[in-house]
Each structure stands twice: as structure tokens, then as C-alpha cells.
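**Q** Based on what follows, work out the 3D shape:
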Amino acid sequence: MESNDAVQLFRLFLFLITAIPFASSSSLKTDAQALLSFKKTIRSDPNRVLSTWQLNRDPCTWFGVTCSAAARRVTQLDLSDNGLSGTSFTPLSSLDMLAVLNLHLNSFPVNSTSLLQLPYSLTHLDLSFSRISGPLPENLFSRCPNLEVVNLSYNNFTGSLPEDLLINSNKLRSLDISSNNLTGSISGLRIGRDSMLALLDLSGNRLTDSIPFALSNCTGLKTLNLADNLIAGEIPKSLGELTKLEVLDLSHNQITGWIPYELGNVCGYLKELRLSVNNISGSIPPAFSSCSNLQILDMSNNNMSGPLVDSIFQNLGSIQEIHLGNNAISGLFPSSISSCKSLRILDLSSNKISGTIPRDLCPGASSLEELRMPDNLITGEIPSELSKCSQLKSIDFSLNYLNGSIPPELGQLENLQQLIAWFNSLEGKIPPELGKCKNLKDLILNNNHLSGEIPVELFNCSNLEWISLTSNGFTGEIPREFGSLTRLAVLQLGNNSLAGEIPGELANCSTLVWLDLNSNKLTGEIPPRLGRQLGAKSLSGILSGNTLVFVRNVGNSCKGVGGLLEFSGIRPERLLQVPTLRTCDFTRLYSGPVLSLFTKYQTLEYLDLSYNELRGKIPEEFGGMVALQVLELSHNQLSGEIPSSLGQLKNLGVFDASHNRLQGHIPDSFSNLSFLVQIDLSNNELTGQIPSRGQLSTLPASQYANNPGLCGVPLPECQTENTQPTTNPSANDDGKGGHKPATASWANSIVLGVLISIASVCILIVWVIAMRARRKEAEEVKMLSSLQASHAATTWKIDKEKEPLSINVATFQRQLRKLKFSQLIEATNGFSAASLIGCGGFGEVFRATLKDGSSVAIKKLIRLSCQGDREFMAEMETLGKIKHKNLVPLLGYCKVGEERLLVYEYMEYGSLEEMLHGRTKTRDRRNLTWEERKKIARGAAKGLCFLHHNCIPHIIHRDMKSSNVLLDHEMEARVSDFGMARLISALDTHLSVSTLAGTPGYVPPEYYQSFRCTAKGDVYSFGVVMLELLTGKRPTDKEDFGDTNLVGWAKMKVREGKQMEVIDSELLMVTKGTDEAEVKEVVAMLRELMPGSADGSSNSA
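**A** The predicted model follows:
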């Protein structure tokens, strides 16, 4: 019996040792089949990394696959950063020993529920930058309880963060869900007391409410990042229990209150504390003095106050960066900062710190690289001891009260790149020793009391990019050595006492795009070439680290057009708050980082040579400066004619050559300057007619004043020389006197009879005319009274006009040539409410039915406070000549009293706005088909394109919207109201900005930064119109969009993967077959237009 048992055990042993290899092989084969099934879901493999996945190869040698040595099973799959595009994770679910899955930087635009199909065995999961969308699964960690490290950042997870997400995550050590679109409250998040979390990153979402109290359960937490959300409330004291915390980032939220004293308890291991861009108040807790391991302290852009206590910095031996800018911190500059041996960056910008800069700051803080203290109350001198901080790269003391001279010892700072100290009271000369700073890029010392000559040693600094010495007392000549600076982009030497000629060597500055030499004593002729020339090689990185403000002088309180200021770390509103800066009336046109376009201009962009003693002619070569936007030459002694080549400067916006001795005609080529907004040619000796085409005739007369020979709109009309023929008295007949013949008496009788008859007929005619006039006058009184009747839809101011009804309408159509104002009253039934068909930003629109049965549309413009008849007529003559099949043609215009009327062709189907959004209950409303919508979009695009590119002058619409896209009897789109904003702004400078800026919902976001209307802005507005066509929704609707608009709503829907919800439901009802396929193609395009990351909110187009 025992022997039988032994035999059976032996057989079982043999079976097991032979079966185990087969089982192992079978499992690896199953893994291979799962991987091949996964490969089939990959639509794109640009690097062909999966080409090695073949059945005839060992799966453990396939690209990205790692197997365990003992069990021969797939345990790791790493396909990160290969540009793969797939459709499913489901095939991976059978890889039951897979521990590591890394698909970082690939494209898997699947729904978030696919995460629940991942293998149970996973411990490490990285799906960052994978374009996954949808809500975060609440039971993710229940399905995959072994997960330890999870990275789901930079996807499109939406909805709220599940409160119970972390309940079953006992093994989880790292969770990164940053840069998604998670919303809703975070305060109720639950975390178990046995949590092993060491890293939690929820930054870059839109989470709200307060910081969750449950975070105090994560006692092992080392990194907590909640930055870039909408978290409010105060910092909870319970965070002080996270004693192992190394990184705490709560920046860019809406946190209020004081920093709790208990937060000092985390100082043991804390390396980074970032609380910037919140509403935190109070002072820095003294308990932070024990943060001996702290490397980065950033509390900038808050409402913090109180002094910087010296004791805080004494023990911060590891601190590398201190950012406290844009607060209200007061008190003296803390001398204990000299104890921070590792400190590289000290930024105290825009505070109320007073006192002097401690002389022992250097070499105490010997590692210091950036010392930024603009916009404070610092007094005294710049300490020469700063030269002992040999690593210094940037020094910024702008907007303070420093005095004394610039220490020559600063020349010992070989690494110095920026020396910025504008708007102080510095005196003396620029020390020649600064020429030893070979790496110096920015020397910005404007608005001080510096004097002497510009030292030639300075030009040893061959990397100089921005030199600003404006508003000082410099004398001598402009050194010719400026021409050796091959990276110089901005040179501002205005408002000094520089003499001599402008050096021609400035033409060698191949990157110079901004040159300001105004208000000096410069003489001689203007060099034919200055700054950057066409074809010059572009250099990258110039001015890349700068933040600038461009201020434009307004009125005559200051000379010159304006200037650039380096404004890094300074609040823009400080321009208005510093009284001494307000000696000039100015407006801020731009503030922010240096625009990339600024350093890519092909030629000089800004040139101000005004208020000097320059003579000679304006160089003909200036016409080759194709990028020139500002040309300021006023108050000199220039003579000769204005070069016609300046008409080639398509980007020119400001041209001032007033107060010179210019002669000849204004070149007709100036008619091509379609972006010209300011021209001043007053006080010269110009003659001839002002060109009637283009912008020139629409500008104020004051800009042409005191040119005795100049005429034409807006000045008085030119007089033609008519020679008057002289009449010679008839010679007296030398006949002899005698008796008249007998026939003379008879002839006189006949003449007398004829005269009496004629007189009788004339009296009769006069009586008839008088009777008719009386009847006509009664009819006119009746007709004029109808304008003021109760049924009239508008008010009129025509009291001072004589015989208003007889005023002719100036027309551009032969069949309307005899049209009068009285006929317009008849055709509109006294401009009654029944004939009113629309109201817009520029006035009311009436339908008029003429006697021949044809219809026209009459726009009654809004009444203006400034009456410019010449400007109005000139603009109308320009607009009347513009003809295109996709523009609503102007048929005529007239002025009656203080009213201005425009006559347009009537559009049968009204506006696109009415077609899409109006008359919802009426029987005649129709749903636009897909073909009709495409036709309307094409037509509107062609009309706008004509205005921007083919029309002379080029016209920026400024108010492109669906109500300005009209539809004729063939449903062809016609753009209307073009030129209206320019006309209104030319006639009335008192209108608010919003009147001219366009309509909310259509205005591009960048307009609110620069307040400049551009063709690109029109294109953005047209894009909104196209979205209206696609969605059937208005651009702003509180019910549909809340606080956002149509563009933001559409972006949100696309990010959520709900792009089909964007399509107009009425369009889907009438769309079939090919049209339906095209609509879906447009929906796909919407998805493609979204940026790769989830954060697409900053894109304006």
C-alpha cells in the first residue's frame, strides 16, 4: 500500500515538473496576444517603435516590454514619448502581472472610464499628456488597489474631484492630477488616517472652496501642490501637523487671512514655500526663522504688510530665493540678509521698504545674482561694496530716492547684465569703469540728474541691447562708437543737451528698432540710413528677459511721442500714483513682456528726432523702413519736399513733421497709408491740394494749419483762377443832330404795349407761384410736424436748417439722382415706428419704399457732439466708391440740420442675427441649412477680406458681428456698417472707448491690453460669427454660458469631449447625408484647434 502511494506521488512530481514550463509558456503567449491586440488599437506609430512586436520574436525583446526573470511574464510596458495615437486600454487588462505602465506623451483620446480596464496588478501608472477626457472614476483605487505611483497630469479630466477617491488608496505614495479641468469643491476630500501619501499634486485645475482638513491625516506628506486653482479661505492651522513637508505650493489662488503661526512647525524639512498671487495679509511669522533648510520663499503679489523682522533671516543659511515683491511691506531694509550665504535672488519690488542699502550686504550674501528693489522708499547712495558680490547679474533700483553717484567699483562685476536705476536722483557722470562689464545688456538710467559726456569705454560692452539715458543732463556729441553695438535694439537719449550731428554709424546697428533722440541740440542733416536695414540677419534672444511699458505723451505738456520703460516687478498703476511722473499727460498703450514681434522687425520701428536743430531734407531712403510705425521730425529746420517714398510705409501710424520749413505738395502716395491715425504737417510752407483719397482728408484741420498755400478738405477748397473778361465802353456815334424819323414814335408804342402785356403775364405767374408756395409751405409744415409726431420712432434737430425738405441726397446711383429729403419722409411715413427695422450702435435704420416701388434702407446716425461737415463728406465720398458683391453698397447721404442720413440698398432677408436668433415664434422664420450657412460664411469672409486687402484705403471694420452681416434676396451675405467706427471717431473724439471697440462677445481679448483695433481683431470677431452659425447661440448669454461667452463655452465643451453639443440642434434636424459628414468634420476640426495641453484658455483666436 505504501509502495503504491509512493508511485503515485512520484508520477505527480513528474507531471508537475513537466507541466510548469508549459504553463509559463502559455502565460507569456497570452501576454503576447494581449500586446498584439493593444497594437491593433494604435492608429499612428510615427517612429515605428511597434514594428518589433512580431509573433516570431520573443515578446520579452519587444520594444518597451520588460519581463520578470523568474516567471517570464510581462511586468513593465514603457512606450513613453513616442507620439503613438491609440483608441483603447482594454487589451491590457489581461496582463495580470503588469506592474508598470508608462504611456506618457502619447495620444489616447479615450473616455476616463477606460482607466477601470487597467490590470489589477499595476503599481506604477503614468498616463500624463495622453489626452484622456471625462470625469475621474471614483472607484479607480478600488479596482487597482496596488497602485503606488499615479501620474494623470496634463489631460482633460473634468467634473469634480470625487470625495472618496483616496479612501481605498492605502498603498498610494504619489498622486499627480495636475493641469486638468477638474472643478468643484475640494474641501470635502476624505483621506484615511493610514494614508502613505508622500506627494499630492492637484495644481492647474479649477478647484474651489477651502483647503481640506483631511490633509492633516497625510503625516508622511512631503510635497503638497495646490497651485493655480480657485481655492479660497484661510490656510488651515492643521497643515502645521505635516512635519515632514518639504514642498508647499499654494500660489495663484484666492487664499485670504494671515499665515498661521502653526505653519512654522513644518520648518524641520521644508525646502520650498510658495504662497504668491493670493490675498494673504499680515506679516511673515517669526517662527519661520527656524526654517534652516528653506531654499525658496515666495510670498509675492499679496497684501502682506508690517516690517521684515531681522531675526527671520539670521538662520536661513540654505535660502536661495526670496520673492516678496508686490506687497505693502514696510520698515527698514533687513540687515540680516547679509547672513544668507546661499542667497541668489532677492526680490523686494513694489513695497514700502525704506532706509539705506546695508553696506555689509556684500560680501555677506556672496552668492547674490539678482538684487531687485524697484518702487520702494530706499534713500542714500548705491554702496560701492556691491562690487564684492561677484556673481551679481541684475541690479534694479528704479523708482526710489537714491542720490549720489554711480560707484565706479561696479565695473568689477564681470557678470553684470542689467544695471537699472531709472527715476532716482543720481548725479555725476557715468563711470568709465562700467566698460569692464563685458556682459552688460541693459543700461537704463533715465530720469536722473546725470551729466557729462557718454564715456567711450562703455562701447567695450558689446552685448548692450537697451540703453536709456533719457531726461538727464548729458552733453557733448553722440559717440560714433554706438555703431559698433551689433545687438543694440533700443537707444533712448532724448531730453538731454547733446549737440553735434547724428552719427551715420548708427546705420551699422543692425538690430536697432527703437531710436529716440528728441529734445537735444543736434544739428546737421539726417543720415539717410539709421538702425536696422532690410535684409539684416535676425538675432534671437534680444530683450528676451525684459518687461516693458510704452507710455504715449498726450497733449503738449511734454515733448516727444513717449517712451519705453523697464517695468519688471512694478505695478502698472504706479505710473498714475507717482506725482512727479504725472508732469506729463500720457496714456499707457502696452505693458507686459517684450513682444516677440518687437525684435523681429525688418527695419527701425520707432524714430523720434523732434525738438532739435536739424536741417536739410527728409531722406528719400526713409521710404525703405518698411516696419516704421512712428516718425517724429517736428520742431526742426527741415526744408525741401516731403519724399513720396514715405507713402510706402504701410505700417506708419504717426507722422509729425510740424514746425519745419517743408515746401511743395503733400505726396499723393500718402493716400496709401491706411493705418495712419495721426499726421501733423502744420506750420510749414506746404502748397497745393491735400490728397482727397485715403485718410488725409478725414483728419482735423489743425494738423495742416499755417501752411498758406495748402488747401482742400479739411481746409478750405482750392480756388481756381478765373480770368474776368473786361468790357469796353461803346464809342459814341459821331452822327449829327436832327429830327427823329416818324417811324420812331410808332415803334415806341409797340414796345410799350408788349411790355405791359409781359408785366401782366408775370403778375399772373407770380400769383400762381405764390399760391403754390403757400400750399407747399403748408404741406411742408405738415410733413415736418409728422417727424415730431407721436408715431415717429426718433427725434430730430433740424430747426436751424432753411428749407430742409428741399435738400438733395448726394447719391452714387443715377436712378436716385433727384432724391430729396422730403421724398425720404414720404417713403418712411414720417420715419414712423412702423418703418423702423433696426437699431445699432451707430443709429436707427428705416425701410423706405420709393414711388417707383423700390426699397432702400436709411440709417440715421447717432447725433454727435462735434460737427465735422468736411470730414463727413470726405468719408462718405470714400465709402460710396467701395463696391463689392459681399458689401452693402452706400447709395447716398445727406445732412439736414444736425442730422446725418445714409441711404443703403435694402436687404430682403435682414440680418444674420435675426435669421439665427430673432422672430422665434413667427411663421415665416426658417431654419438655415448647412449649405446656406456655408454660403453665408464664405460671403462674409470675402467681404471682410476685400476691406482688409483690396479696398483703398484699407478699412478695419471694428464691429464685425452677426447683425452687421445682411442677407439679400439670394441669401448672399453682405457686410454692413464698414467704415462707421472710423467715421464716428473722426467726427467725435468724446465718445467712450466701448462705443468704438466693438460689441461684447465679439471683441478679441488682446484689445483690452492694447486698445488698438487691428485686422486680426476683425478676424477674431468673424470667428465668433462662424461659431454663431455653427451653434445657433448668441455670443453672450447668461443662461447658457454664465460668466463666460460663446468662445469660452465652446472651448469648454470641446475639452470635455462634448463637441457635438456645440452644434445647433436646428441644424442637425435639417442636415443629412454629405452635409452631416461635413458637420462632423467641422466638429473634428474644433477638437484639433484645441492646444495639446488642457489649458487652452489663454488662446484668443
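**Q** who's the closest residue to Leu902 other than its chain neighbours bridged to?
**A** Leaving aside its chain neighbours, Leu902 sits nearest to Lys859 (4.4 Å; criterion: CB to CB, 6 or more residues apart in numbering). The way it works is simple: take the backbone N, C-alpha and C, and place the C-beta from them, glycine included. Applying DSSP bridges to Lys859 gives these bridge partners: Val845, Leu902.
**Q** what do you get for Asp249?
**A** Under the criterion used (DSSP bridges), Asp249 bridges to Asn225, Arg274.
**Q** pretty sure it contacts Leu224?
**A** Yes. In this structure, Asp249 is within contact of Leu224 by CB atoms under 8 Å, at 7.2 Å.
**Q** neighbour count winner among those two?
**A** Leu224 (24 against 21; other CB atoms under 10 Å).
**Q** Enumerate every residue touching Tyr909.
**A** Met915, Leu966, Leu967, Asp968, His969, Met971 (CB atoms under 8 Å, 6 or more residues apart in numbering).
**Q** how about the residues you listed in CSV, adding pLDDT and secondary structure?
**A** CSV is the format used below for the contacts of Tyr909 (pLDDT from 0 to 100; DSSP: H, G, I helix; E, B strand; the rest coil):
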residue, pLDDT, secondary structure
Met915, 87, helix
Leu966, 91, strand
Leu967, 92, strand
Asp968, 90, coil
His969, 87, coil
Met971, 90, coil
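**Q** Lowest-scoring secondary structure element of this protein by mean pLDDT?
**A** In the chain, the helix or strand scored least confidently by mean pLDDT, DSSP states H and E is helix 993-996, which has a mean of 36.
**Q** related to what we said a few turns ago, tell me which two in the contacts of Tyr909 are the farthest apart.
**A** The two members of the contacts of Tyr909 with the most space between them (CB to CB) are Met915 and His969, at 13.6 Å.
**Q** quick one, which of the two is more surrounded?
**A** The neighbour comparison of Met915 against His969 (other CB under 10 Å) goes to Met915, with 23 against 9.
**Q** So the more buried one is in contact with Val965, correct?
**A** No. Met915 lies out of contact with Val965 (CB under 8 Å); the separation is 9.3 Å.
**Q** Leu440 - nearest residue in space that isn't next to it in sequence?
**A** Cys461 (4.3 Å).
**Q** how about low-confidence regions in the stretch 901-1050 of the chain?
**A** For the stretch 901-1050 of the chain, the stretches flagged by pLDDT under 70 are 919-926, 952-953, 979-998, 1005-1013, 1038-1043.
**Q** Please name the nearest non-neighbouring residue to Ala940.
**A** In space, Ala940 comes closest to Ala973 once its chain neighbours are excluded; the distance is 4.4 Å by CB to CB, 6+ apart.
**Q** give me the number of residues near that neighbour?
**A** So Ala973, with other CB under 10 Å, has 27 neighbours.
**Q** Ok, Asn886 next?
**A** Neighbour tally, Asn886, other CB under 10 Å: 20.
**Q** what about it, distance to Ala937?
**A** Asn886 sits 11 Å away from Ala937, going by CB to CB, to the nearest Å.
**Q** And Ser160, by the same measure?
**A** 37 Å.
**Q** Which residue ranges of the stretch 251-400 of the chain form strands?
**A** Secondary structure of the stretch 251-400 of the chain (DSSP state E, counting those that start in this stretch): strands at 254-258, 272-274, 279-282, 296-298, 303-307, 321-323, 328-332, 345-347, 352-355, 370-372, 377-380, 394-396.
**Q** any chance of those in a markdown table, plus mean pLDDT?
**A** Below are those laid out as a markdown table (pLDDT from 0 to 100):
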| stretch | mean pLDDT |
| --- | --- |
| strand 254-258 | 94 |
| strand 272-274 | 96 |
| strand 279-282 | 94 |
| strand 296-298 | 96 |
| strand 303-307 | 93 |
| strand 321-323 | 96 |
| strand 328-332 | 94 |
| strand 345-347 | 96 |
| strand 352-355 | 94 |
| strand 370-372 | 95 |
| strand 377-380 | 96 |
| strand 394-396 | 96 |
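**Q** Nearest to Val1054, out of those strands?
**A** With CB to CB as the yardstick, what comes closest out of these is strand 254-258 (26.8 Å).
**Q** List the strands paired with the closest one, with their directions.
**A** strand 230-233 (parallel), strand 279-282 (parallel).
**Q** Using CSV, write down the CA coordinates of the last one.
**A** What follows is strand 279-282 as a C-alpha-only set of coordinates in CSV (Å, rounded to 0.1, in the frame of the first residue of the first chain):
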residue,chain,number,x,y,z
ASN,A,279,-4.8,87.8,-0.9
ILE,A,280,-2.8,86.9,2.1
SER,A,281,-2.4,89.7,4.7
GLY,A,282,-0.4,90.2,7.8
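**Q** begin at 13 from here
**A** In the new numbering, first residue 13, that becomes strand 291-294.
**Q** can you list contacts of that strand?
**A** Against strand 291-294 from outside (CB under 8 Å, 6+ apart): 247, 266-271, 311, 314-318.
**Q** got TSV for the residues you listed, with distance to Ser105 too?
**A** Below are the contacts of strand 291-294 laid out as TSV (distance: CB to CB, whole Å):
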residue	distance to Ser105
Ile247	42
Gln266	42
Ile267	42
Thr268	47
Gly269	48
Trp270	51
Ile271	48
Met311	48
Asn314	48
Asn315	52
Met316	52
Ser317	57
Gly318	58
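**Q** Leu219: which of those residues is nearest?
**A** Gln266 (11.2 Å).
**Q** Go ahead and confirm that closest one touches Leu242.
**A** Yes. In this structure, Gln266 is within contact of Leu242 by CB under 8 Å, at 6.0 Å.
**Q** if I pick the residue nearest to Phe153 when sequence neighbours are not counted, what's in contact with it?
**A** Nearest non-adjacent residue to Phe153, counting by CB to CB, 6+ apart: Ser181, 4.2 Å away. Neighbour list for Ser181: Phe153, Pro157, Leu159, Leu187, Ser207, Leu209 [criterion: CB under 8 Å, 6+ apart].
**Q** And for the residue lying closest to Pro443 once chain neighbours are set aside, the neighbour number?
**A** Spatial nearest neighbour of Pro443, chain neighbours left out: Pro420 (3.8 Å); criterion: CB to CB, 6+ apart. Neighbour count for Pro420, taken as other CB under 10 Å: 16.
**Q** go on, Glu944?
**A** So Glu944, with other CB under 10 Å, has 17 neighbours.
**Q** So what touches the one helix or strand it maps to?
**A** Counting by DSSP states H and E, the element that carries Glu944 is helix 942-957. Contacts of helix 942-957 with the rest of the structure, by CB under 8 Å, 6+ apart, involve 896-899, 924, 940, 969, 972, 977, 979, 983-987, 990, 1030-1031, 1034, 1037-1038, 1041-1042, 1079, 1082-1083, 1087, 1090-1091.
**Q** Write the PyMOL selection for whichever of those residues are buried.
**A** Selection of buried members from the contacts of helix 942-957 for PyMOL, criterion 16 or more other CB atoms under 10 Å:
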select buried, resi 896+898+899+924+940+969+972+977+979+983+984+985+986+987+990+1030+1031+1034+1037+1038+1041+1042+1079+1083+1087+1091
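**Q** Present the strands of the stretch 263-412 of the chain as a markdown table; the columns should include mean neighbour count.
**A** Putting the strands of the stretch 263-412 of the chain into a markdown table (neighbours: other CB atoms under 10 Å) gives the following:
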| stretch | mean neighbour count |
| --- | --- |
| strand 266-270 | 15 |
| strand 284-286 | 20 |
| strand 291-294 | 16 |
| strand 308-310 | 20 |
| strand 315-319 | 16 |
| strand 333-335 | 21 |
| strand 340-344 | 17 |
| strand 357-359 | 20 |
| strand 364-367 | 17 |
| strand 382-384 | 21 |
| strand 389-392 | 16 |
| strand 406-408 | 22 |
